[in-house]
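**Q** Sequence first, predicted model second:
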Amino acid sequence: MSVGNTVADGTKVVKSVCRGCHGGCSVLLHVKDGELTKVKGDPDGPLNRGRLCPIGSNAKYLVYHPDRLLYPQRRVGPRGSGKWERITWDEALDDIAEKFNAIRAADGPEAIALGQGTGRHHYFHVVRFANAMGTPNWTEPGFAQCFLPRVTSSFHTFGDFPVCDFVGDVPPQCIMYWGHNPVNSGPDGETRFNVRDSLSHKPKVIVVDPRETELAKLADIWLRLRPGTDDALALSMLNAIIGEKIYDESFVTQWTHGFDALAGHVKQYTPEWAEPITWVPVEKIRVAARLFAQTKPAMLEWGVGIEQTPKCFQTVRALSMLPAITGNIDVPGGWMFGMHTLGPFPFLFDRITPEIESKRLGGDRFKVLCGEGAFVRTGHIPSVIRAMSEGDPYRIKAFMAIGSNTLTTYASSRRVYEALKKLDFMVAIDLFMTPTAELADIVLPAASWPEVDSLWGYPFIAETIPILQQRAVRVGECRADEEILAELAKRMNLDCATESPLDIIKNLANTGDPRVSYDELKEKGFISVPVKYRKYEEKGFATPTGKIELYSTVMEKLGYPPFLSTRKRRKAHSVPQSLPRTSRWC
Ligand SMILES: Nc1nc2c(c(=O)[nH]1)N[C@H]1C(S)=C(S)[C@@H](COP(=O)(O)OP(=O)(O)OC[C@H]3O[C@@H](n4cnc5c(=O)[nH]c(N)nc54)[C@H](O)[C@@H]3O)O[C@H]1N2
Ligand SMILES: Nc1nc2c(c(=O)[nH]1)N[C@H]1C(S)=C(S)[C@@H](COP(=O)(O)OP(=O)(O)OC[C@H]3O[C@@H](n4cnc5c(=O)[nH]c(N)nc54)[C@H](O)[C@@H]3O)O[C@H]1N2
Ligand code: SF4
Ligand SMILES: [Mo]
């Protein structure tokens with residue numbers, strides 16, 4: 001069957017990329033009489049080679065789910081009463097534009113908050129719309145507890161975001177999975193398939209997880225730590241590797257900043273110190289540290305498990321030092337930096353004046369999470385929720401949830417519920433009438449991923465492989481979030497953020513390096529870019545010292561400690577004699 005062509009039975013095949021998780025699997029969308037009939041894996045797909053998981057291959061059941069929202073609705077009963085009337089897009093968008101403009105004029109743009117969920121296709125467009133409108137208070141759960149701590153900490157430490165090299169010719173010899181279960185979750189554009197493929201080369205496997213996951217079962221070493229003690233375990237592994245002198249001395253000397261200070265700092269955090277805190281036996285910590293340090297190339301597969309713990313930012317930073325001091329940076333089969341192929345996205349950051357910036361909720365207190373030290377500045381979620389419910393330091397009056405089930409995914413549902421009930425005006429854009437949408441004044445029907453055009457570079461942030469997402473079908477009156485935001489910008493009379501999403505996609509491709517044409521992407525679905533390793537040998541690392549900052553000059557400048565510390569005498573708990581077996585379903 002030829003792609004893009006209509007064949008004998010009238011089926012058209014459209015190349016796209018699945019966004020059922022964070023995406024990356026190339027798909028062939030089969031369309032007949034305007035209906036999605038089948039989703040097949042694209043055999044050429046660089047990250048999946050024709051394979052799909054059940055979420056991807058069953059996407060038509062998402063697209064045509066009987067509970068999908070199909071047209072805009074306005075609440076007619078009291079908030080949360082479940083009574084709605086159908087309205088037109090014109091009525092809905094004009095109403096929202098009028099209410100938003102009235103609040104902007106009376107209370108300032110910061111009184112409108114935008115909330116989005118995990119990294120979906122519309123992610124950058126939401127940030128851009130917030131900037132265009134002039135509100136610093138857009139939020140996303142990832143900033144505190146998912147992925148962004150890894151991204152920001154990596155930019156401070158390495159000047160870039162390292163990803164596992166699954167696309168090259170050299171397979172990893174050792175993989176350490178830390179708080180991460182990618183064979184099931186396939187997050188961040190690495191896809192579960194190349195993670196599984198790398199296992200077929202029989203690397204040594206270390207798993208750091210309190211649960212006996214599928215990976216833990218096949219691991220050479222499973223460090224079953226007490227939940228939330230990753231900081232102590234990371235420090236003790238650094239102590240073991242440095243103490244036993246099994247780090248990569250020449251790499252450390254040439255390419256890192258502050259190694260001696262790090263060595264002095266972690267001296268106190270011995271595996272003997274860590275055992276009662278982490279419940280991991282001393283000898284296991286040492287064996288795992290040796291295996292990771294002495295098997296090359298090695299990679300760290302880190303996940304959201306570490307970010308949902310206290311002190312996650314510095315813990316993530318300490319973990320990133322394990323591949324760094326063992327010389328596994330930007331090498332084949334180890335941690336690599338991406339090729340950053342796409343052109344710059346028009347975020348419109350210059351629209352945020354210093355005065356508006358000073359109103360960013362939490363930006364001054366949580367500088368690396370939300371403020372001047374963040375990868376992208378954002379509103380601090382608990383502060384935004386407090387501003388909604390208590391008007392402290394000012395009242396958030398309107399909220400638009402864009403692909404965010406705020407009530408169930410932000411911490412403290414009761415507090416969030418009470419806060420949302422106090423809003424003057426709320427909009428939800430979703431595929432379904434979620435508990436969050438139930439609280440809105442206006443609900444808009446969003447297009448699901450096979451109904452959307454978008455362009456992403458995979459893996460996330462690294463952007464080595466650009467893959468085009470192409471709309472194959474339309475459902476009801478659903479619209480892509482990007483289109484909704486551009487239309488809203490027009491109706492609010494904003495002087496920016498009004499271009500069509502397709503023009504932005506074309507520009508991202510045309511201004512990238514290498515420059516790719518949109519037509520080429522349309523035909524092939526993705527572009528393969530030759531990968532370069534050890535890029536730092538030409539340019540150094542993009543940090544203030546030009547080296548990997550074990551000692552973080554950025555954290556120091558922001559007024560934070562340059563290293564992770566943890567209470568030396570944290571209350572130790574004895575190791576339970578027998579831990580209950582975990583579920584067989586993991
Ligand atoms: N209880 C609990 N809370 C959590 C987590 C958890 O595991 N459990 N995980 C945390 C993490 S890591 C994250 S990233 C967040 C995730 O937080 P969210 O992203 O808010 O959570 P989801 O339920 O995945 O998705 C939210 C909504 O997006 C809608 N949606 C899907 N695709 C689209 C689209 O293209 N457009 C629009 N407009 N809507 C769409 C879905 O229908 C769904 O209702 O939650 C965090 N909070
Ligand atoms: N099918 C599907 N795929 C998804 C998503 C989805 O909703 N559905 N969501 C996407 C999103 S938003 C994300 S963030 C990713 C998440 O993907 P991952 O980062 O792989 O996260 P999980 O799969 O939750 O695995 C985290 C592991 O951490 C372990 N863990 C729990 N507490 C601790 C701890 O204190 N320390 C350590 N070391 N480990 C701990 C858990 O037992 C679990 O095995 O998945 C993405 N992919
Ligand atoms: S792993 Fe993710 S991108 Fe791949 S088919 Fe499954 S849901 Fe889609
Ligand atoms: Mo997430």
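**A** Ah, there it is. Ligands and ions are numbered 1, 2, ... in the order given.
**Q** Distance of the residue of the stretch 201-350 of the chain found nearest ligand 1 relative to Trp178?
**A** Nearest to ligand 1 in the stretch 201-350 of the chain, going by CB to the nearest ligand atom, is Val304, at a distance of 4.8 Å. For glycine as for every other residue, the C-beta is placed from the backbone atoms N, C-alpha and C. According to CB to CB, to the nearest Å, Val304 and Trp178 sit 11 Å apart.
**Q** What is the burial count for whatever residue of the stretch 151-300 of the chain ends up closest to ligand 3?
**A** The nearest approach of the stretch 151-300 of the chain to ligand 3 comes at Gly186, 4.0 Å away (CB to the nearest ligand atom). By the criterion of other CB atoms under 10 Å, Gly186 has 26 neighbours.
**Q** That one contacts Cys18, doesn't it?
**A** No. Using CB atoms under 8 Å, Gly186 is not in contact with Cys18, being 10.0 Å away.
**Q** overlap in contacts of these two?
**A** Shared contacts of Gly186 and Cys18, defined by CB atoms under 8 Å, 6 or more residues apart in numbering, comprise Gly24.
**Q** Now do the phi/psi pair for the residue of the stretch 201-350 of the chain closest to ligand 1.
**A** phi -70, psi -20 (degrees, to the nearest 10).
**Q** in the strand or helix carrying Ala216, what's buried?
**A** In the assignment (DSSP states H and E), Ala216 maps to helix 214-218. Applying a neighbour-count criterion of 16 or more other CB atoms under 10 Å, one finds 215-216 buried in helix 214-218.
**Q** That one - what's its average pLDDT?
**A** When pLDDT is averaged over helix 214-218, the result is 95.
**Q** And stretch 148-161, by the same measure?
**A** Stretch 148-161 comes out at a mean pLDDT of 96.
**Q** element containing Ala428, please.
**A** strand 425-430.
**Q** other SSEs contacting that strand?
**A** helix 89-107, strand 398-402, strand 442-445 (3 or more CB pairs under 8 Å, 6 or more residues apart in numbering; DSSP states H and E).
**Q** Tell me which of the ones you listed sits nearest to ligand 3.
**A** strand 398-402 (20.5 Å).
**Q** Packing partners of that closest one?
**A** Right, strand 398-402 is packed against helix 89-107, strand 112-116, strand 425-430 by 3+ CB pairs under 8 Å, 6+ apart.
**Q** Any chance of TSV for those, columns mean pLDDT?
**A** Formatted as TSV, those follow (pLDDT from 0 to 100):
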stretch	mean pLDDT
helix 89-107	98
strand 112-116	98
strand 425-430	98
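**Q** would you turn the ones you listed into TSV with distance to ligand 2 and mean neighbour count?
**A** Formatted as TSV, those follow (distance: least, CB to the nearest ligand atom, whole Å; neighbours: other CB atoms under 10 Å):
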stretch	distance to ligand 2	mean neighbour count
helix 89-107	27	17
strand 112-116	12	26
strand 425-430	15	24
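**Q** can you give me the helices in the stretch 401-550 of the chain?
**A** 406-409, 413-421, 481-491, 501-510, 518-524, 536-539 (DSSP state H, counting those that start in this stretch).
**Q** ok, and which of the ones you listed has the densest surroundings?
**A** helix 481-491 (a mean of 21; mean count of other CB atoms under 10 Å).
**Q** mean pLDDT for the helices of the stretch 401-550 of the chain: which is lowest?
**A** Of all the helices of the stretch 401-550 of the chain, the minimum mean pLDDT falls on helix 518-524 (a mean of 91).
**Q** Residue numbers of the stretch 301-450 of the chain in contact with ligand 1?
**A** The interface of the stretch 301-450 of the chain toward ligand 1, taken as CB under 6 Å from any ligand atom, is made up of 304, 402-405, 408-409, 429-432, 434, 446, 448.
**Q** picking up where we left off before, may I see the helices and strands packed on strand 398-402 arranged in CSV, with distance to ligand 3 as well?
**A** Output for the helices and strands packed on strand 398-402, formatted as CSV (distance: least, CB to the nearest ligand atom, whole Å):
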stretch, distance to ligand 3
helix 89-107, 29
strand 112-116, 19
strand 425-430, 19
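**Q** doesn't Leu407 make contact with Ser413?
**A** Yes. With contacts defined as CB under 8 Å, Ser413 counts as touching Leu407 at a distance of 5.7 Å.
**Q** residue contacts, the residue of the stretch 101-250 of the chain found nearest ligand 1?
**A** Distances between the stretch 101-250 of the chain and ligand 1 by CB to the nearest ligand atom are smallest at Gly117, namely 2.1 Å. Residues in contact with Gly117 (CB under 8 Å, 6+ apart) are 140-141, 402-405, 409.
**Q** before we move on, back to that, save the helices and strands packed on strand 425-430 as TSV, and put in distance to Ala509 too.
**A** Formatted as TSV, these follow (distance: least, CB to CB, whole Å):
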stretch	distance to Ala509
helix 89-107	29
strand 398-402	24
strand 442-445	28
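**Q** Go through these and name the closest to Tyr536.
**A** Of all the helices and strands packed on strand 425-430, strand 398-402 sits nearest to Tyr536, with 37.5 Å by CB to CB.
**Q** nearest to ligand 4, of the helices and strands packed on strand 425-430?
**A** strand 398-402 (15.8 Å; CB to the ion).
**Q** Residues in contact with the closest one: which ones?
**A** By CB under 8 Å, 6+ apart, the list of residues contacting strand 398-402 reads 96, 99-100, 103, 111-117, 122, 126, 388, 406, 420, 423-430, 436-437, 440, 446, 481, 485.
**Q** can you redo the helices of the stretch 401-550 of the chain as a markdown table with distance to ligand 2?
**A** Converted to a markdown table, those look like this (distance: least, CB to the nearest ligand atom, whole Å):
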| stretch | distance to ligand 2 |
| --- | --- |
| helix 406-409 | 9 |
| helix 413-421 | 17 |
| helix 481-491 | 17 |
| helix 501-510 | 23 |
| helix 518-524 | 25 |
| helix 536-539 | 27 |
